[in-house]
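> Prediction below, plus the sequence it came from.
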Amino acid sequence: MQHFLDIHKTSTSDLRAIIDDARAVKEARAGRPKGMADDEQPLSGHMVALIFEKPSTRTRVSFDVGVRQMGGQTMVLSGSEMQLGHGETIADTARVLSRYVDMIMIRTFEENTLMEMAEHATVPVINGLTNRSHPCQIMADVLTFEEHRGPIKGKHVVWLGDGNNVCASFLHAAGQFGFDLTFAGPETLDPEAEAVGFARDQGVRIKLERDATKAVKGADLVVTDTWLSMHDPQSARERRHNQLRPYQVNDALMAHAKSDALFMHCLPAHRNEEATSQVMDGPNSVIFDEAENRLHAQKAIMRWCLNHTS
(Lines give C-alpha, C1' and ligand atoms only; values in the text may rest on other atoms or scores of the structure.)
Protein backbone atom coordinates (compact mmCIF):
# COMPACT_ATOMS: atom_id res chain seq x y z
CA MET A 1 0.00 0.00 0.00
CA GLN A 2 1.24 3.48 -0.85
CA HIS A 3 -0.36 6.93 -0.77
CA PHE A 4 -0.18 9.52 -3.55
CA LEU A 5 -0.10 12.77 -1.59
CA ASP A 6 2.09 15.16 -3.58
CA ILE A 7 4.50 15.16 -6.49
CA HIS A 8 7.44 16.21 -4.31
CA LYS A 9 6.64 13.38 -1.87
CA THR A 10 6.80 10.71 -4.58
CA SER A 11 10.11 9.52 -6.01
CA THR A 12 11.17 10.56 -9.50
CA SER A 13 11.33 6.93 -10.60
CA ASP A 14 7.79 6.27 -9.38
CA LEU A 15 6.49 9.42 -11.06
CA ARG A 16 8.07 8.32 -14.33
CA ALA A 17 6.55 4.84 -13.93
CA ILE A 18 3.11 6.40 -13.42
CA ILE A 19 3.42 8.59 -16.54
CA ASP A 20 4.62 5.67 -18.66
CA ASP A 21 1.82 3.46 -17.33
CA ALA A 22 -0.77 6.19 -18.01
CA ARG A 23 0.32 6.32 -21.64
CA ALA A 24 0.13 2.51 -21.92
CA VAL A 25 -3.32 2.45 -20.29
CA LYS A 26 -4.54 5.15 -22.68
CA GLU A 27 -3.15 3.42 -25.77
CA ALA A 28 -4.76 0.13 -24.74
CA ARG A 29 -8.18 1.84 -24.76
CA ALA A 30 -7.80 3.46 -28.17
CA GLY A 31 -11.03 3.18 -30.14
CA ARG A 32 -13.02 1.52 -27.37
CA PRO A 33 -16.41 2.74 -26.12
CA LYS A 34 -16.02 4.83 -22.98
CA GLY A 35 -18.09 2.39 -20.94
CA MET A 36 -16.10 -0.69 -21.92
CA ALA A 37 -13.99 -2.23 -19.18
CA ASP A 38 -10.20 -2.40 -19.42
CA ASP A 39 -8.67 -5.77 -20.25
CA GLU A 40 -6.78 -5.57 -16.96
CA GLN A 41 -9.07 -5.23 -13.92
CA PRO A 42 -6.87 -4.30 -10.93
CA LEU A 43 -9.86 -2.84 -9.05
CA SER A 44 -12.16 -5.83 -9.56
CA GLY A 45 -14.04 -6.37 -6.30
CA HIS A 46 -12.66 -3.12 -4.86
CA MET A 47 -14.62 -0.19 -3.44
CA VAL A 48 -13.18 3.34 -3.70
CA ALA A 49 -14.44 6.26 -1.59
CA LEU A 50 -14.42 9.60 -3.43
CA ILE A 51 -14.68 12.42 -0.87
CA PHE A 52 -15.48 15.94 -2.04
CA GLU A 53 -15.35 18.76 0.49
CA LYS A 54 -14.90 20.95 -2.61
CA PRO A 55 -17.27 20.57 -5.58
CA SER A 56 -15.83 19.17 -8.77
CA THR A 57 -16.55 18.19 -12.37
CA ARG A 58 -13.34 16.77 -13.87
CA THR A 59 -12.01 15.20 -10.68
CA ARG A 60 -15.30 13.51 -9.83
CA VAL A 61 -16.08 12.21 -13.30
CA SER A 62 -12.53 11.13 -14.18
CA PHE A 63 -12.00 9.20 -10.95
CA ASP A 64 -15.47 7.63 -11.10
CA VAL A 65 -15.05 6.52 -14.72
CA GLY A 66 -11.49 5.35 -14.08
CA VAL A 67 -12.50 3.15 -11.16
CA ARG A 68 -15.36 1.62 -13.16
CA GLN A 69 -13.20 0.96 -16.22
CA MET A 70 -10.76 -0.91 -13.96
CA GLY A 71 -13.54 -3.07 -12.54
CA GLY A 72 -14.17 -1.31 -9.23
CA GLN A 73 -17.08 0.52 -7.65
CA THR A 74 -17.24 4.01 -6.17
CA MET A 75 -18.90 5.61 -3.18
CA VAL A 76 -19.15 9.39 -3.66
CA LEU A 77 -19.36 11.42 -0.43
CA SER A 78 -19.79 15.18 -0.16
CA GLY A 79 -18.48 17.45 2.55
CA SER A 80 -21.98 17.98 3.91
CA GLU A 81 -22.45 14.22 4.25
CA MET A 82 -19.05 13.68 5.87
CA GLN A 83 -18.62 16.79 8.07
CA LEU A 84 -14.92 15.99 8.23
CA GLY A 85 -13.40 16.99 11.55
CA HIS A 86 -16.78 18.06 13.01
CA GLY A 87 -18.16 15.70 15.63
CA GLU A 88 -15.71 12.95 14.70
CA THR A 89 -12.01 13.42 14.22
CA ILE A 90 -10.48 13.00 10.78
CA ALA A 91 -8.31 10.25 12.26
CA ASP A 92 -11.36 8.28 13.38
CA THR A 93 -13.08 8.84 10.04
CA ALA A 94 -9.98 7.46 8.29
CA ARG A 95 -9.96 4.39 10.52
CA VAL A 96 -13.66 3.73 9.94
CA LEU A 97 -13.53 4.23 6.17
CA SER A 98 -10.56 1.87 5.98
CA ARG A 99 -12.83 -0.89 7.31
CA TYR A 100 -15.32 -0.31 4.46
CA VAL A 101 -13.35 0.65 1.35
CA ASP A 102 -10.11 -0.29 -0.40
CA MET A 103 -8.93 3.20 -1.42
CA ILE A 104 -9.75 6.83 -0.60
CA MET A 105 -9.53 9.86 -2.89
CA ILE A 106 -10.11 13.16 -1.10
CA ARG A 107 -10.59 16.66 -2.52
CA THR A 108 -10.44 19.01 0.42
CA PHE A 109 -9.51 22.48 1.62
CA GLU A 110 -6.78 22.11 4.21
CA GLU A 111 -3.63 20.11 3.56
CA ASN A 112 -3.74 18.97 7.20
CA THR A 113 -7.00 17.15 6.48
CA LEU A 114 -5.32 15.15 3.73
CA MET A 115 -2.26 14.40 5.84
CA GLU A 116 -4.27 13.28 8.87
CA MET A 117 -6.43 11.08 6.66
CA ALA A 118 -3.34 9.43 5.18
CA GLU A 119 -1.65 9.03 8.56
CA HIS A 120 -4.52 7.05 10.04
CA ALA A 121 -5.97 5.24 6.99
CA THR A 122 -4.91 1.66 6.41
CA VAL A 123 -5.77 1.89 2.69
CA PRO A 124 -4.17 4.10 0.01
CA VAL A 125 -5.12 7.80 0.07
CA ILE A 126 -4.92 10.00 -3.05
CA ASN A 127 -4.76 13.80 -3.02
CA GLY A 128 -7.53 14.97 -5.38
CA LEU A 129 -6.75 18.61 -4.50
CA THR A 130 -6.02 20.77 -1.48
CA ASN A 131 -5.59 24.51 -1.09
CA ARG A 132 -1.82 23.95 -1.41
CA SER A 133 -1.46 21.46 -4.27
CA HIS A 134 -3.11 19.59 -7.14
CA PRO A 135 -0.75 16.74 -8.08
CA CYS A 136 -3.18 14.67 -10.16
CA GLN A 137 -3.70 17.62 -12.51
CA ILE A 138 0.01 18.11 -13.10
CA MET A 139 0.59 14.42 -13.76
CA ALA A 140 -2.02 14.75 -16.53
CA ASP A 141 -0.26 17.89 -17.79
CA VAL A 142 3.13 16.16 -17.99
CA LEU A 143 1.50 13.25 -19.83
CA THR A 144 -0.13 15.69 -22.27
CA PHE A 145 3.06 17.61 -22.98
CA GLU A 146 5.05 14.45 -23.62
CA GLU A 147 2.38 13.09 -25.96
CA HIS A 148 2.73 16.19 -28.13
CA ARG A 149 6.38 17.23 -27.73
CA GLY A 150 8.36 14.35 -26.24
CA PRO A 151 10.24 14.37 -22.92
CA ILE A 152 9.57 17.40 -20.74
CA LYS A 153 13.04 17.23 -19.17
CA GLY A 154 15.03 20.36 -20.02
CA LYS A 155 12.04 22.26 -21.41
CA HIS A 156 10.96 25.77 -20.43
CA VAL A 157 7.51 26.11 -18.84
CA VAL A 158 5.92 29.50 -18.13
CA TRP A 159 3.11 29.94 -15.61
CA LEU A 160 1.08 33.17 -15.86
CA GLY A 161 -1.23 34.65 -13.25
CA ASP A 162 -1.81 33.45 -9.71
CA GLY A 163 0.80 31.34 -7.91
CA ASN A 164 -1.89 29.02 -6.58
CA ASN A 165 -2.09 25.34 -5.65
CA VAL A 166 -1.82 24.19 -9.28
CA CYS A 167 1.25 26.37 -9.75
CA ALA A 168 2.78 24.82 -6.61
CA SER A 169 2.39 21.34 -8.06
CA PHE A 170 3.94 22.52 -11.34
CA LEU A 171 6.94 23.72 -9.33
CA HIS A 172 7.15 20.35 -7.60
CA ALA A 173 7.03 18.68 -11.02
CA ALA A 174 9.77 20.97 -12.35
CA GLY A 175 12.08 19.65 -9.66
CA GLN A 176 11.10 16.02 -10.11
CA PHE A 177 10.97 15.91 -13.94
CA GLY A 178 13.85 18.34 -14.55
CA PHE A 179 12.34 21.27 -16.45
CA ASP A 180 12.75 25.02 -15.90
CA LEU A 181 9.79 27.15 -14.85
CA THR A 182 9.17 30.87 -14.97
CA PHE A 183 6.36 32.36 -12.90
CA ALA A 184 4.93 35.61 -14.26
CA GLY A 185 2.48 37.42 -12.04
CA PRO A 186 2.14 40.17 -9.45
CA GLU A 187 4.36 39.93 -6.37
CA THR A 188 1.31 39.72 -4.11
CA LEU A 189 0.34 36.43 -5.80
CA ASP A 190 3.77 34.80 -5.90
CA PRO A 191 3.84 31.01 -5.38
CA GLU A 192 4.74 29.64 -1.98
CA ALA A 193 8.44 30.00 -1.19
CA GLU A 194 8.51 26.35 -0.09
CA ALA A 195 7.50 25.11 -3.56
CA VAL A 196 9.99 27.45 -5.26
CA GLY A 197 12.72 26.32 -2.91
CA PHE A 198 12.01 22.63 -3.49
CA ALA A 199 12.38 23.02 -7.27
CA ARG A 200 15.56 25.07 -6.98
CA ASP A 201 17.04 22.52 -4.60
CA GLN A 202 16.65 19.90 -7.35
CA GLY A 203 18.87 22.00 -9.61
CA VAL A 204 16.34 23.45 -12.06
CA ARG A 205 16.04 27.12 -12.94
CA ILE A 206 13.06 28.87 -11.35
CA LYS A 207 12.48 32.52 -12.20
CA LEU A 208 9.95 35.05 -10.90
CA GLU A 209 9.19 37.65 -13.58
CA ARG A 210 6.80 40.62 -13.51
CA ASP A 211 6.81 41.25 -17.27
CA ALA A 212 4.64 38.69 -19.09
CA THR A 213 6.23 39.33 -22.49
CA LYS A 214 9.73 38.73 -21.15
CA ALA A 215 8.55 35.63 -19.31
CA VAL A 216 7.18 33.78 -22.34
CA LYS A 217 10.20 34.29 -24.60
CA GLY A 218 11.49 30.88 -25.59
CA ALA A 219 8.67 29.07 -23.78
CA ASP A 220 7.89 25.47 -24.75
CA LEU A 221 4.69 25.50 -22.70
CA VAL A 222 2.50 28.38 -21.50
CA VAL A 223 0.12 27.62 -18.63
CA THR A 224 -2.50 29.64 -16.80
CA ASP A 225 -5.43 29.06 -14.47
CA THR A 226 -8.59 30.85 -13.44
CA TRP A 227 -8.03 34.18 -11.73
CA LEU A 228 -10.76 33.49 -9.19
CA SER A 229 -11.28 30.40 -7.09
CA MET A 230 -14.82 29.04 -6.95
CA HIS A 231 -14.82 30.05 -3.27
CA ASP A 232 -13.55 33.63 -3.67
CA PRO A 233 -16.12 36.30 -2.70
CA GLN A 234 -17.54 38.52 -5.41
CA SER A 235 -15.82 41.52 -3.82
CA ALA A 236 -12.46 40.02 -4.80
CA ARG A 237 -13.26 39.94 -8.53
CA GLU A 238 -12.42 43.54 -9.52
CA ARG A 239 -9.24 43.63 -7.42
CA ARG A 240 -8.02 40.34 -8.87
CA HIS A 241 -8.79 41.45 -12.42
CA ASN A 242 -6.84 44.67 -11.99
CA GLN A 243 -3.84 42.74 -10.69
CA LEU A 244 -3.89 40.01 -13.31
CA ARG A 245 -5.05 41.73 -16.49
CA PRO A 246 -1.42 42.22 -17.70
CA TYR A 247 -0.98 38.43 -17.57
CA GLN A 248 -3.85 37.44 -19.84
CA VAL A 249 -2.77 34.82 -22.38
CA ASN A 250 -3.71 36.15 -25.82
CA ASP A 251 -2.39 35.83 -29.36
CA ALA A 252 -0.06 38.81 -28.93
CA LEU A 253 1.55 37.23 -25.88
CA MET A 254 1.79 33.74 -27.41
CA ALA A 255 3.62 35.27 -30.37
CA HIS A 256 6.63 35.79 -28.08
CA ALA A 257 6.83 32.11 -27.14
CA LYS A 258 8.25 29.43 -29.42
CA SER A 259 6.17 28.96 -32.54
CA ASP A 260 5.24 25.43 -31.45
CA ALA A 261 4.69 26.30 -27.77
CA LEU A 262 1.73 24.48 -26.26
CA PHE A 263 -0.97 26.21 -24.22
CA MET A 264 -2.58 24.59 -21.18
CA HIS A 265 -5.33 25.48 -18.74
CA CYS A 266 -6.61 22.96 -16.20
CA LEU A 267 -10.22 24.22 -16.54
CA PRO A 268 -12.79 25.42 -15.72
CA ALA A 269 -11.89 28.64 -17.53
CA HIS A 270 -13.40 32.11 -17.60
CA ARG A 271 -13.00 32.71 -21.31
CA ASN A 272 -11.53 36.07 -22.30
CA GLU A 273 -10.36 36.69 -18.76
CA GLU A 274 -7.20 34.67 -17.99
CA ALA A 275 -7.02 33.51 -21.62
CA THR A 276 -8.80 34.49 -24.80
CA SER A 277 -11.01 32.10 -26.73
CA GLN A 278 -8.66 32.54 -29.70
CA VAL A 279 -5.84 30.98 -27.68
CA MET A 280 -8.00 28.37 -25.98
CA ASP A 281 -9.42 27.16 -29.29
CA GLY A 282 -6.25 27.81 -31.29
CA PRO A 283 -3.82 25.33 -32.86
CA ASN A 284 -1.38 25.41 -29.92
CA SER A 285 -4.03 24.67 -27.30
CA VAL A 286 -4.19 21.17 -25.79
CA ILE A 287 -6.67 21.95 -23.02
CA PHE A 288 -9.11 19.18 -23.91
CA ASP A 289 -6.36 16.57 -24.31
CA GLU A 290 -5.22 17.78 -20.89
CA ALA A 291 -8.73 17.28 -19.47
CA GLU A 292 -9.02 13.79 -20.96
CA ASN A 293 -5.64 12.81 -19.58
CA ARG A 294 -6.88 13.34 -16.04
CA LEU A 295 -8.65 10.00 -16.53
CA HIS A 296 -5.58 8.12 -17.75
CA ALA A 297 -3.14 9.68 -15.29
CA GLN A 298 -5.41 8.99 -12.32
CA LYS A 299 -5.97 5.40 -13.39
CA ALA A 300 -2.20 4.98 -13.43
CA ILE A 301 -1.96 6.60 -9.98
CA MET A 302 -4.55 4.20 -8.59
CA ARG A 303 -2.75 1.26 -10.20
CA TRP A 304 0.51 2.46 -8.64
CA CYS A 305 -1.13 2.71 -5.22
CA LEU A 306 -2.04 -0.98 -5.58
CA ASN A 307 1.33 -1.93 -7.14
CA HIS A 308 -0.22 -2.61 -10.55
CA THR A 309 1.90 -0.32 -12.76
CA SER A 310 3.19 -2.09 -15.84
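Yes, it's here. For clarity, every value in this text was computed on a predicted model and none was experimentally measured. Residues are numbered from 1 along each chain as shown.
> Which pLDDT value goes with G85?
Per-residue pLDDT puts G85 at 70.
> Show me the longest helix that occurs in this protein.
helix 287-305 (DSSP state H).
> And the residue nearest in space to the middle of the chain, how close does it get to D251?
Taking Cα atoms, centre = their mean, the centroid of the chain lies closest to Q137, which sits 1.6 Å from it. Between Q137 and D251 the computed distance is 25 Å (Cβ to Cβ, to the nearest Å). Using the backbone N, CA and C atoms, a C-beta is placed for each residue, glycine as well.
> Kindly report the same for K217.
16 Å.
> more crowded one of the two?
The neighbour comparison of K217 against D251 (other Cβ atoms under 10 Å) goes to K217, with 14 against 11.
> ok, for the more buried one, nearest residue in space, not its chain neighbours?
H256 (5.4 Å; Cβ to Cβ, 6 or more residues apart in numbering).
> List the contacts of that neighbour.
Counting by Cβ atoms under 8 Å, 6 or more residues apart in numbering, H256 touches 213, 216-217.
> just those residues now: which is nearest D289?
The shortest approach to D289 among the contacts of H256 belongs to V216, at 20.7 Å (Cβ to Cβ).
> Do a quick rundown of the strands in the chain.
47-52, 73-78, 103-107, 125-129, 156-160, 180-184, 206-209, 221-224, 262-265 (DSSP state E).
> can you tell which of those is closest to H8?
It is, among these and with distance given as Cβ to Cβ, strand 125-129, at 11.6 Å.
> Which neighbouring elements make contact with that closest one?
Applying 3 or more Cβ pairs under 8 Å, 6 or more residues apart in numbering; DSSP states H and E, one finds that strand 125-129 contacts strand 47-52, helix 58-69, strand 103-107, helix 111-120, helix 135-149, helix 287-305.
> on contacts alone, who are the packing partners of the longest one?
In terms of contacts (3+ Cβ pairs under 8 Å, 6+ apart), helix 287-305 is packed against helix 12-28, helix 58-69, strand 125-129, helix 135-149, strand 262-265.
> mind giving me CSV with those and columns for mean pLDDT and distance to I51?
Formatted as CSV, the helices and strands packed on helix 287-305 follow (pLDDT from 0 to 100; distance: least, Cβ to Cβ, whole Å):
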stretch, mean pLDDT, distance to I51
helix 12-28, 98, 22
helix 58-69, 97, 10
strand 125-129, 98, 8
helix 135-149, 98, 14
strand 262-265, 99, 26
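> Deepest in the core, which of those is it.
For the helices and strands packed on helix 287-305, the largest average neighbour count (mean count of other Cβ atoms under 10 Å) is found in strand 125-129, namely a mean of 26.
> Could you tell me the angle between that strand and helix 111-120?
Strand 125-129 runs at 170 degrees relative to helix 111-120, counting by axes from the mean of the first three to the mean of the last three Cα atoms, to 10 degrees.
> Now do the contacts for V216.
Going by Cβ under 8 Å, 6+ apart, the list of residues near V216 reads 158, 160, 184, 222, 253-254, 256-257, 261.
> Much appreciated, bye for now.
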